[in-house]
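Undergrad: Pasted the sequence and its predicted model underneath.
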Amino acid sequence: MVTIEEARRLVVESRIALPAVRLPVAQAIGAVLAEDAVAAEDVPPFANTAVDGYAVKSSDTEGATADSPVLLSVIGEIAAGASSTATLRSMQAIRIMTGAPMPSGADAVVMVEDTQFEGDKSTLDGSQSVAVKKSVRSGDAVRGTGDDVRRGTTVFERGTQVTPAVAGVLASINVAEPLVHRRPRVAVLSTGDELVDDGSPLEPGQIRESNRTMLMGLVDAAGLVAVDYGIVRDDESALEQTLRLAAAECDAIVTSGGVSMGDYDVVKSVLSRVARMTWMQIAIKPAKPFAFGVLDRRNGGEIPVFGLPGNPVSSLVSFELLARPALRRMAGLSPVAADRPRVVAVADAPLRRGRDGKVHFQRVVTHWTADGRLHAIPVSAQGSHQLAATALANGLAIVPDGEGIEVGGNVDVLLLLS
């Protein structure tokens with residue numbers, strides 16, 4: 001058997017990012033920046049008000065209270081998107097709307113809630129006034145030029161994943177087409193005459209397809225593009241044809257089943273013939289069998305192939321430990337960002353196991369408690385075929401070889417967060 005660290009060196013650490021392309025910022029969400037994003041403009045580009053109210057000289061409001069307001073002349077109004085050529089003088093105010101540029105001479109804004117307008121609002125010509133009921137200081141309710149981002153600042157470094165919020169910032173600094181690594185297209189397929197996914201009644205020996213459905217979701221949740229190649233029947237020619245098609249259209253292939261040492265399966269037979277595969281027995285539980293290799297494309301280049309075990313929980317665990325970080329490295333993420341976060345939790349129930357020379361990855365539900373620490377409880381069933389018990393788990397507890405971990409003990413947990 002090989003250790004999980006040896007397997008990761010082969011599968012994960014050798015993956016390199018796909019080539020970079022420029023995409024419209026809205027289409028780049030989920031992709032990873034291939035170059036630093038530098039602000040070409042200040043954000044905001046001009047000083048503006050954060051509230052509806054009145055632009056004033058802060059010195060004019062000194063001592064203003066609800067019982068003793070200061071009366072200022074209102075000489076105009078500025079809406080968002082507009083501007084004013086007026087220069088504010090002592091004891092004057094300009095009515096102003098959120099986002100509108102600050103007029104010359106004003107250094108603060110009094111919120112409308114702290115004022116009382118007097119006069120006709122239809123024409124603001126200085127004959128109207130506003131009673132200011134609260135004093136303000138210079139800069140109050142004002143967003144300064146470059147208050148969020150300064151021109152020339154590196155806002156995001158290469159390797160940052162473009163989330164919706166990141167995309168919004170890129171748009172605000174006029175990075176309309178960021179350079180990003182292309183998101184890997186990942187072919188997902190299942191094989192077997194026994195699999196049924198059309199809702200029809202099960203015949204003797206048949207089972208419902210589940211791994212492909214699960215893996216498609218895991219690929220999408222990892223920020224990749226899942227491509228469904230369906231169920232391939234137990235026919236070597238059909239499987240080879242599907243693999244060749246996937247190699248031509250995608251950047252990686254994920255299969256499940258047929259990777260155990262004792263298996264004679266069409267997956268193993270075909271992959272052994274058409275790809276350069278390494279068949280592994282990893283010293284972990286579940287997910288001991290695993291295969292990895294590369295398949296040559298007919299038009300040049302090669303595509304990685306991840307052969308996951310057939311038991312659904314084993315398939316999930318091997319995807320999380322090996323396929324997911326490798327695929328996210330291909331997407332351009334750093335080694336740290338490609339992996340699930342690893343934290344220390346308190347075991348709220350025993351994490352039992354026996355000595356077998358393997359690291360166990362027990363499925364747990366984690367939660368924060370009043371002590372400020374993360375706590376973990378194992379799911380009710382830990383069998384590699386018991387996906388229903390695992391489905392709501394949000395962590396993998398890493399239990400080293402030995403007798404397990406008692407209640408109250410510390411345990412490392414990989415957090416399975418989207």
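TA: Arrived safely, thanks for sending. Owing to the predicted nature of the structure, the values given are computational and were not obtained by experimental measurement.
Undergrad: CA atoms only for stretch 116-126, dumped as CSV, please.
TA: C-alpha atoms of stretch 116-126 as CSV (Å, rounded to 0.1, in the frame of the first residue of the first chain):
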residue,chain,number,x,y,z
GLN,A,116,-36.3,70.3,9.3
PHE,A,117,-36.8,72.0,6.0
GLU,A,118,-38.7,75.3,5.9
GLY,A,119,-40.1,76.8,2.8
ASP,A,120,-41.1,75.8,-0.8
LYS,A,121,-39.1,72.8,-2.0
SER,A,122,-40.1,73.3,-5.7
THR,A,123,-37.4,76.0,-6.2
LEU,A,124,-34.3,76.0,-4.0
ASP,A,125,-32.9,79.5,-4.5
GLY,A,126,-31.6,80.5,-1.0
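Undergrad: list the buried ones in that stretch?
TA: For stretch 116-126, a neighbour-count test (16 or more other CB atoms under 10 Å) marks 117, 124 as buried. For every residue, glycine as well, the C-beta is placed using N, CA and C.
Undergrad: And the strands in the stretch 1-150 of the chain?
TA: Counting by DSSP state E, counting those that start in this stretch, residue ranges of the strands within the stretch 1-150 of the chain are 20-22, 32-33, 37-38, 48-49, 53-56, 70-78, 92-96, 108-111, 115-118, 128-132, 142-143.
Undergrad: Present the ones you listed as JSON lines; the columns should include distance to residue 179.
TA: Listed next are those as JSON lines, based on distance: least, CB to CB, whole Å:
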{"stretch": "strand 20-22", "distance to residue 179": "5"}
{"stretch": "strand 32-33", "distance to residue 179": "7"}
{"stretch": "strand 37-38", "distance to residue 179": "9"}
{"stretch": "strand 48-49", "distance to residue 179": "31"}
{"stretch": "strand 53-56", "distance to residue 179": "41"}
{"stretch": "strand 70-78", "distance to residue 179": "38"}
{"stretch": "strand 92-96", "distance to residue 179": "39"}
{"stretch": "strand 108-111", "distance to residue 179": "39"}
{"stretch": "strand 115-118", "distance to residue 179": "49"}
{"stretch": "strand 128-132", "distance to residue 179": "50"}
{"stretch": "strand 142-143", "distance to residue 179": "30"}
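Undergrad: Of those strands, which is nearest residue 322?
TA: Nearest of the strands of the stretch 1-150 of the chain to residue 322, taken as CB to CB: strand 32-33 at 19.8 Å.
Undergrad: does residue 1 really touch residue 283, like I thought?
TA: Yes - at 4.4 Å, residue 1 counts as touching residue 283 under the criterion of CB atoms under 8 Å.
Undergrad: Quick one: mean pLDDT over the lengthiest helix in the chain.
TA: Criterion DSSP state H: the longest helix present in the chain is helix 236-249. In this model, helix 236-249 has an average pLDDT of 95.
Undergrad: buried set for that helix?
TA: Neighbour-count burial for helix 236-249 [16+ other CB under 10 Å]: 239, 240, 242, 243, 246, 247.
Undergrad: Switch the residues you listed over to JSON lines; also include distance to residue 30.
TA: Shown next, in JSON lines, are the buried residues of helix 236-249 (distance: CB to CB, whole Å):
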{"residue": "239", "distance to residue 30": "30"}
{"residue": "240", "distance to residue 30": "32"}
{"residue": "242", "distance to residue 30": "26"}
{"residue": "243", "distance to residue 30": "26"}
{"residue": "246", "distance to residue 30": "21"}
{"residue": "247", "distance to residue 30": "23"}
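Undergrad: out of those residues, who's nearest residue 257?
TA: Nearest to residue 257 among the buried residues of helix 236-249, with distances taken as CB to CB, is residue 239, at 11.6 Å.
Undergrad: Can you pull out the low-pLDDT segments for the stretch 101-250 of the chain?
TA: By pLDDT under 70, the stretch 101-250 of the chain contains no weakly predicted segment.
Undergrad: circling back: between residue 1 and residue 283, which one's more packed in?
TA: Taking neighbours as other CB atoms under 10 Å, residue 1 and residue 283 compare with residue 283 leading, 18 against 12.
Undergrad: what sits against that one?
TA: By CB atoms under 8 Å, 6 or more residues apart in numbering, residue 283 lies in contact with 1, 2, 3, 4, 357, 358, 359.
Undergrad: cool, residue 244 as well?
TA: 274, 298.
Undergrad: Against residue 238, how distant is it?
TA: Residue 244 is 11 Å from residue 238, where distance means CB to CB, to the nearest Å.
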